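Engineer: build the 3D model from these lines:
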Amino acid sequence: MTEWRALGARAVRFSRPPGTSPRALLDRIRTWPGVVDVVIAREDVAVYFDDAPRISQGAIDVLANLRDDDGPVRTVELPARYDGPDLPAVADAAGLTIDEVVRVHAAARYEVETMGFAPGFAYLVGLDPRLCLPRLSTPRTRVPAGSIALAGGYTGVYPFDSPGGWHVIGRVEGVRLFDEHGALLRLGDRVRFVRCP
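Structural biologist: Coordinates of the predicted model:
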């Protein structure tokens, strides 16, 4: 049984059920009465309501048994140019050549596990273990929008110019990760980085 606790008067928080896809979680929780927002993080889920939460312990417990439906899963291809300032250091830390880092990163198939610290920032799982590096010891005050970066077992693309502590290995070209219509990437999406010629 996953116990939940109140977050103020209009929200609840509970542990994310292991092995349950983010897409299935989001779809089910959005059917609960009065839900206005759902935040799915790596270990927890927060659900915000328009008034006092109208949710039972049973509704939360059933989330542990969810599986994706058989509907189509969206795949998003991002054109990638691997020329980031941290690429040589990532190669050294991983014991690979720069070309090997690029090949390994581009060959992986990623999934949006959570949405993160800025609107449109997707935390992508599926990173090759050889590229799992800790965050930079000193974050940058500005990482350009479109930068492809990795840290802590994730890879992602910065949707805006912002501070950041991840290793920048490249950039996407011709794609905006967030615009007036919202975020390009959504929970459960599959993502491929396609090397630019």
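Engineer: next, count neighbours for R10.
Structural biologist: 15 (other C-beta atoms under 10 Å). Where C-beta positions appear, they are placed from N, C-alpha and C, glycine not excepted.
Engineer: surely it and Y48 touch.
Structural biologist: Yes - counting by C-beta atoms under 8 Å, R10 does reach Y48; the two are 6.2 Å apart.
Engineer: how about the contacts made by Y154?
Structural biologist: Neighbouring residues of Y154 by C-beta atoms under 8 Å, 6 or more residues apart in numbering: 113, 123-125, 127.
Engineer: dig out what it forms beta bridges with.
Structural biologist: A151 (DSSP bridges).
Engineer: and the gap between it and Y110?
Structural biologist: 9 Å (C-beta to C-beta, to the nearest Å).
Engineer: and V168, what pLDDT?
Structural biologist: Per-residue pLDDT puts V168 at 98.
Engineer: residues contacting the closest residue to it other than its chain neighbours?
Structural biologist: Ranked by C-beta to C-beta, 6 or more residues apart in numbering and with sequence neighbours excluded, the top spatial neighbour of V168 is G84, at 4.0 Å. Contact partners of G84, counting by C-beta under 8 Å, 6+ apart, are 147-149, 167-171.
Engineer: where's T114, which helix or strand?
Structural biologist: Using DSSP states H and E, the element containing T114 is strand 110-115.
Engineer: CA atoms of that strand as PDB?
Structural biologist: What follows is strand 110-115, C-alpha atoms only, in PDB (Å, rounded to 0.1, in the frame of the first residue of the first chain):
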ATOM      1  CA  TYR A 110      15.500   7.300 -24.700                       C
ATOM      2  CA  GLU A 111      12.200   7.800 -22.900                       C
ATOM      3  CA  VAL A 112      10.900  10.900 -21.200                       C
ATOM      4  CA  GLU A 113      10.700   9.700 -17.500                       C
ATOM      5  CA  THR A 114      10.000  13.100 -15.900                       C
ATOM      6  CA  MET A 115       9.600  16.700 -16.800                       C
END
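Engineer: that one packs against which elements?
Structural biologist: Contact partners of strand 110-115 among helices and strands, from 3 or more C-beta pairs under 8 Å, 6 or more residues apart in numbering; DSSP states H and E: helix 22-29, strand 35-40, strand 122-125, strand 190-195.
Engineer: next, the angle strand 110-115 makes with the second one.
Structural biologist: Yep, that's strand 35-40 we're talking about. 120 degrees (axes from the mean of the first three to the mean of the last three C-alpha atoms, to 10 degrees).
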